[in-house]
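Q: could you look at this predicted model? Sequence included:
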Amino acid sequence: MSVVFVILAACAWGCTNPFIRRGAASNRDTTSQSFQVFRRWQTLLPIAINQTGSVFFALSLRTLPLSIASPATNSLTMLLTCLTGIVLRERPPSWTSLLGCSLIALGVVLCALSDMP
């Protein structure tokens, strides 16, 4: 069950990062207007979903060691941020990003296998 929490945390963090970036980019005005970003649902909803990732991560730490949960969650977050950016057409897929994504996935699998008894 802890692996599910790691995946949910990575999804909540990784898939919402491009949406948060878009919302922040649309509001590049002065500091006094920066709180206006929280009045738009297009920014507030991804931030709220992103924060649920912290809850899932904390739940994963109940049974998984930190040496496995943290690298796996952060690596999968990076992978999902990259893939979500590609899907949203923030940047075109390149062979280096696809190679990086596959190496991240391989690293997560190796970390998970190294912790198995």
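A: Received the coordinates, thanks.

Q: so, low pLDDT: which residues of this structure?
A: Regions of the chain meeting the criterion pLDDT under 70 cover residues 25-38, 115-117.

Q: all helices for it, in order.
A: In chain order, the chain shows helices spanning 2-14, 17-25, 41-60, 66-87, 95-114, with DSSP state H as the criterion.

Q: next, the angle from the fourth one to helix 95-114.
A: If you take axes from the mean of the first three to the mean of the last three C-alpha atoms, to 10 degrees, helix 66-87 sits at 150 degrees to helix 95-114.

Q: would CSV of the helices of the chain with mean neighbour count be doable?
A: Placement of C-beta: from N, CA and C, glycine included. Putting the helices of the chain into CSV (neighbours: other C-beta atoms under 10 Å) gives the following:
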stretch, mean neighbour count
helix 2-14, 20
helix 17-25, 16
helix 41-60, 16
helix 66-87, 18
helix 95-114, 12
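
Q: so who does the residue nearest to the spatial centre of the chain touch?
A: Among the residues of the chain, the smallest C-alpha distance to the mean C-alpha position (C-alpha atoms, centre = their mean) belongs to residue 14, namely 1.9 Å. Remark: with contacts taken as C-beta atoms under 8 Å, 6 or more residues apart in numbering, residue 14 is in contact with 76-81, 83-84.

Q: many thanks, we can stop here.
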